[in-house]
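Participant: sequence and predicted model, in that order:
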Amino acid sequence: MSRLEDELRNALRREEPPAGFEARLRARLAAEPRRTNWLARWFRLPAMHHTLAARLAFTAALGMLVVVGVRYEHERQERIQGEAAKAKLMQALRVTGTELQTVHEKVRELSADDENRQ
Amino acid sequence: MSDAGTAREVEDEAEFSALVREHQSMVYGIALHFLHDPASAEEVAQDVFLQLYRHRDGLEGPGHVTAWLRRVACNRSIDYARSRRSQASVSLEEIGEPAGASAPDDPLLREKLRKLILSLPDKARMVMILRYQEDLDPEEIARELEMPVRTVKSHLQRSLALLREKFGRALGEKQG
């Protein structure tokens, strides 16, 4: 190795930062908003901390639960909408039936009047 | 928060402090040699560790942490220098040649070498720092800086030739 390279290693050696570096870093960290990374916390539950397989299984189960929940909610909404549509149709049929009855009675009255006049 | 959660938090903080103490000379050294300004180097080094704190869940294993810190320190230093380009720029002419042969570990020569390295272009300067501070070989430097190995070798050769031209006599080496 050449003298130049020795001098370069010497000139570019690692340097410790000035005293109090970590304290100043801590002060900057304290000024930061607290981290709320729930996903990271989730993966660090003490009971599930050891194996990747356990963590993955836990996440898969959680994912399934979310999918089933979303699907159940979707079906519930569809059922509610179907029942509301059925109630509207029944109401419309009832209204139409009443109106037809009224018309029918009017026709009968007019027919009776005509017969009486003749 | 539960006792287990609090204990985990305390353990996390202790682990982070240990990481800072273990790697601060590497991170600060890269920033200092690149920027040649202790205040700027400290700012960059603190930014690097803040980034580590925010992303520490995604890092696994001591080797991964070292490589990650080194890469972030390089990128942050380069970005910092670019953002303050007008402030610190040293030309080759400003750096005088050493008067004569110098003794090993001469502080004056060391300072002149650092200044000459500061006059190199960003990538060439970082290549020199990774080669002589971190003792990485050209393949490792190429991976760190995401550049072809031949470019790394070319930077090294050109920078060494420049330094020899400037300091060869003081170091008792043949020039040319």
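Facilitator: Yes, it's here.
Participant: how about the secondary structure of residue B:147?
Facilitator: Three-state assignment for residue B:147 (DSSP: H, G, I helix; E, B strand; the rest coil): coil.
Participant: and the strands in the chain, which stretches?
Facilitator: You didn't pick a chain, so chain A it is. Counting by DSSP state E, chain A has no strands to list.
Participant: just name the shakiest helix or strand of it by mean pLDDT.
Facilitator: Here the helix or strand of chain A ranked lowest by mean pLDDT, DSSP states H and E is helix A:38-43, holding a mean of 55.
Participant: number of residues surrounding residue 22?
Facilitator: By default, I'm working from chain A. 16 (other C-beta atoms under 10 Å in any protein chain shown). No exception for glycine: its C-beta is placed from N, CA and C like everyone else's.
Participant: try chain B instead
Facilitator: Look at residue B:22: counted by other C-beta under 10 Å, it has 13 neighbours.
Participant: same question, the one 4 residues further on
Facilitator: By the measure other C-beta under 10 Å, the count of residues near residue B:26 is 19.
Participant: and it, how far is that from residue B:81?
Facilitator: Using C-beta to C-beta, to the nearest Å, residue B:26 is found at 18 Å from residue B:81.
Participant: any idea which element the residue nearest the centre of chain B lies in?
Facilitator: Nearest to the centroid of the C-alpha atoms of chain B, with distances taken as C-alpha atoms, centre = their mean, sits residue B:30, at 2.1 Å. Secondary-structure assignment from DSSP states H and E places residue B:30 in helix B:3-35.
Participant: tell me which other helices or strands that helix touches.
Facilitator: Helix B:3-35 sits against helix A:21-31, helix B:38-55, helix B:62-83, helix B:122-132, with contacts defined as 3 or more C-beta pairs under 8 Å, 6 or more residues apart in numbering or on different chains; DSSP states H and E.
Participant: which other residues reach the first one?
Facilitator: Applying C-beta atoms under 8 Å, 6 or more residues apart in numbering or on different chains, the external contacts of helix A:21-31 come out as B:17, B:20, B:21, B:24, B:28, B:42, B:45, B:46, B:49, B:50, B:53.
Participant: would a markdown table of those with neighbour count and pLDDT be doable?
Facilitator: What follows is those, written out as a markdown table (neighbours: other C-beta atoms under 10 Å in any protein chain shown; pLDDT from 0 to 100):
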| residue | neighbour count | pLDDT |
| --- | --- | --- |
| B:17 | 13 | 91 |
| B:20 | 21 | 95 |
| B:21 | 12 | 95 |
| B:24 | 23 | 97 |
| B:28 | 25 | 98 |
| B:42 | 21 | 97 |
| B:45 | 29 | 97 |
| B:46 | 23 | 97 |
| B:49 | 25 | 96 |
| B:50 | 14 | 95 |
| B:53 | 18 | 90 |
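Participant: which of those sit farthest apart?
Facilitator: Of all pairs drawn from the contacts of helix A:21-31, the greatest distance, 17.3 Å, lies between B:17 and B:42 (C-beta to C-beta).
Participant: longest single helix anywhere in chain A?
Facilitator: With DSSP state H applied, the helix covering the greatest number of residues in chain A is identified as helix A:52-117.
Participant: ok now it, how far from the chain's centre?
Facilitator: 27 Å (C-alpha atoms, centre = their mean, to the nearest Å).
Participant: same deal with stretch B:129-140?
Facilitator: For stretch B:129-140, the distance to the chain centre is 10 Å (C-alpha atoms, centre = their mean).
Participant: about what we covered before: right, is the longest helix of chain A up against chain B?
Facilitator: No - applying C-beta under 8 Å from any C-beta of the partner chain, one finds that helix A:52-117 is not in contact with chain B, the shortest distance being 10.1 Å.
Participant: I'd like the average pLDDT over that helix.
Facilitator: Mean pLDDT, computed over helix A:52-117, is 90.
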